[in-house]
Each structure stands twice: as structure tokens, then as C-alpha cells.
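In: output the structure for:
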Amino acid sequence: MRTHPTDTSTASAIANRDLLGTLEKGLLVIEAFDQDRARLTISEVAVRTGLTRAAVRRCLLTLVHLGYAQQDERQFSLSPKVMRLGQSYMHSARLPRAIQPQLQKIAMAMQEASSAGVLDGDDVIAVAAVTAGRVVSSTLQPGTRVPAYCTANGRVLTAWLPTAELDAWIARQDMPARTVHTLTDRQRLREELARVRAQGYALVDQELEPGLRTVAVPLRNRRGEIVAAMNVSVHAARVRIEDLLDRCLPMLLQAQEQLKPLL
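Out: This is a model prediction of the structure:
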């Protein structure tokens, strides 16, 4: 099971007595389901979360009672109502609302797909996206989660991590080959992240999916902190790398500057 390390700078400021264990367990149970495991038994959820079967059973039955999960004999699955949780973030958080107009502008001008994401442990979660009518990949939509090590957004979000954090992040990557182009060697990944820092953008060519070619830039706030990443994705058979950099990178860099005061 992929883990998502907690932000220790935030967690350390919260006393254990102020934490609600039941809520924590419920969220862990929800996170146990993904696109590869849409239907799970109590035992399977217990294995994926590390919780006891009794605790998992109570959480799942509560989610069913509240309408966030469904039960079919021994198996459970999430219901569409869970989408409300993500929608609450999308509608209330400043980051997606600030980025969306720039994505719209880039996607319409380039007639390509553009998305933005944030780092969550070892993955990148898309918080906003515009396709401009081109379906390049199913991963380019809000709420999708993709590995950071083999994506352009992921590389710009990790390239500027402090040395100790970057070392720890690279060390825990499994790095399976998603395609024949995927970087699967930790030293080569480290070298690629150094290249990203030097040039200020990441270019990933068909490492996540065959045919998916992406360029991304980091988005910084007024203090210079990287808070998100923004990309343009194209189909490799239709757009050459040179054209992707010549046409799309300048617009991404322009949006990067325009968004800085808003983030």
C-alpha cells in the first residue's frame, strides 16, 4: 500500500489529545479504495490500513449508514457521495480557483490539455484541469492521483525539496516501469531532478503512459515557496518535443509569473 507521509511541521504543532482517532480511522478506510481496488472486504481493508477488523467493520458500516459506501454481501465499495468531500475542497480552496483561469487561457490558446497539481507524499493530486476538447489521458482531471517520480508535475514539485527531504523521498520510491521510457534508477532520477532545478521546468516523455508527453513548471507564492505545479500535456504522435517547448513552455512561464501574487 502506498503511504502518504504526514506534514510533520503541521502535525508536531497538534497535541495528541486534540486528535479524533475515530475520524482518522474513517479517513484511512476511505483511502483504502482506489481504481485498482474498488471493491474490498473487511479483511482486505484491514490489511491495507493496518487497523483491526473490528475497527474497519465499524467504520465501513458507518459509511454505509451515512451513504458514503455501499455493501454487497462481503464486499464494500465507495458511493458517489464521497465526491462531495473533494468538491468541498474544489469549491472552497483558493488554490484551484486562482489557477483555473490560467489553465483555461493556456488550454484554449494551445488547444491542448493543461492541469495543475500538488504533492501528497509520493503522489501528485490534480486540483484543476482543462482539456480544450482533447482527451490526452484519463489522469488529466481534478482529483486524479499519479506517481510523482515519473510525471512532470511530480518532478517540479520534488526537485526543490531540501536535501534531506529529497534524499528520503528518492530512497522510498519503488519506481516500477510504467512504460519502456520510465526512469527506474534512483541515481538517474536524482540527476534528472538536478536538471529540472537548473532549467526551471520538467519535461517528461511517455514515462507515465505511452503517448503522453508533458512539460511543467513550479508555481511559487509571494514568499518563493512552491505550492503547486502547472503543465501542458500533448500526444506524442501529434506534437514533437521541440514544438511542445517552443509553443507551450513560454505560456507556462508567463502564467507562473502572473499567478505568483495570487498564491
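In: residue ranges with poor pLDDT in the stretch 51-200 of the chain?
Out: Residues of the stretch 51-200 of the chain meeting the criterion pLDDT under 70: 91, 134-135.
In: okay, helices next: where are they in it?
Out: Under the criterion DSSP state H, counting those that start in this stretch, the stretch 51-200 of the chain carries helices at the ranges 53-66, 83-92, 94-110, 152-158, 163-171, 186-199.
In: those helices into TSV, with extra columns for mean neighbour count and distance to Ile125?
Out: Backbone N, C-alpha and C define where each C-beta goes, glycine included. Shown next, in TSV, are those (neighbours: other Cβ atoms under 10 Å; distance: least, Cβ to Cβ, whole Å):
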stretch	mean neighbour count	distance to Ile125
helix 53-66	17	21
helix 83-92	12	9
helix 94-110	18	11
helix 152-158	27	10
helix 163-171	12	16
helix 186-199	14	20
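In: who's sitting farthest from the centroid in the chain?
Out: Farthest-out residue of the chain from its mean C-alpha position, per Cα atoms, centre = their mean: Glu73, at 32.7 Å.
In: before we move on, the earlier item: so which of the helices of the stretch 51-200 of the chain comes closest to Asn221?
Out: helix 94-110 (9.8 Å; Cβ to Cβ).
In: tell me what the closest one is packed against?
Out: The helices and strands touching helix 94-110, judged by 3 or more Cβ pairs under 8 Å, 6 or more residues apart in numbering; DSSP states H and E, are strand 113-120, strand 123-130, strand 226-235, helix 249-259.
In: specify the angle between the last one and helix 94-110 in degrees.
Out: Between helix 249-259 and helix 94-110, the angle comes out at 150 degrees (axes from the mean of the first three to the mean of the last three Cα atoms, to 10 degrees).
In: mind listing what's buried in helix 249-259?
Out: By 16 or more other Cβ atoms under 10 Å, the buried positions in helix 249-259 come out as 249, 251-252, 255-256, 259.
In: closest to Ala55 out of these?
Out: Distances from Ala55 to the buried residues of helix 249-259, taken by Cβ to Cβ, are shortest for Leu259, at 42.4 Å.
In: in this structure the closest one contacts Leu219, no?
Out: Yes: Leu259 lies in contact with Leu219 (Cβ atoms under 8 Å); the separation is 5.6 Å.
In: so for those two, which residues contact both of them?
Out: Counting by Cβ atoms under 8 Å, 6 or more residues apart in numbering, the shared contacts of Leu259 and Leu219 are 99, 230.
In: and Val130, how many neighbours?
Out: 21 (other Cβ atoms under 10 Å).
In: bridged to it, which residues?
Out: In this entry, Val130 is beta-bridged to Ser114, by DSSP bridges.
In: correct me if wrong: it contacts Met110.
Out: No: using Cβ under 8 Å, Val130 is not in contact with Met110; the gap is 10.3 Å.
In: can you redo the helices of the stretch 51-200 of the chain as CSV with distance to Val29?
Out: Compiled in CSV, the helices of the stretch 51-200 of the chain are given as follows (distance: least, Cβ to Cβ, whole Å):
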stretch, distance to Val29
helix 53-66, 4
helix 83-92, 13
helix 94-110, 26
helix 152-158, 26
helix 163-171, 26
helix 186-199, 32
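In: circling back: redo the helices and strands packed on helix 94-110 as a markdown table? Include distance to Val146.
Out: Below are the helices and strands packed on helix 94-110 laid out as a markdown table (distance: least, Cβ to Cβ, whole Å):
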| stretch | distance to Val146 |
| --- | --- |
| strand 113-120 | 8 |
| strand 123-130 | 5 |
| strand 226-235 | 11 |
| helix 249-259 | 18 |
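In: looking at the ones you listed, spot the one closest to Leu20.
Out: strand 113-120 (20.9 Å).
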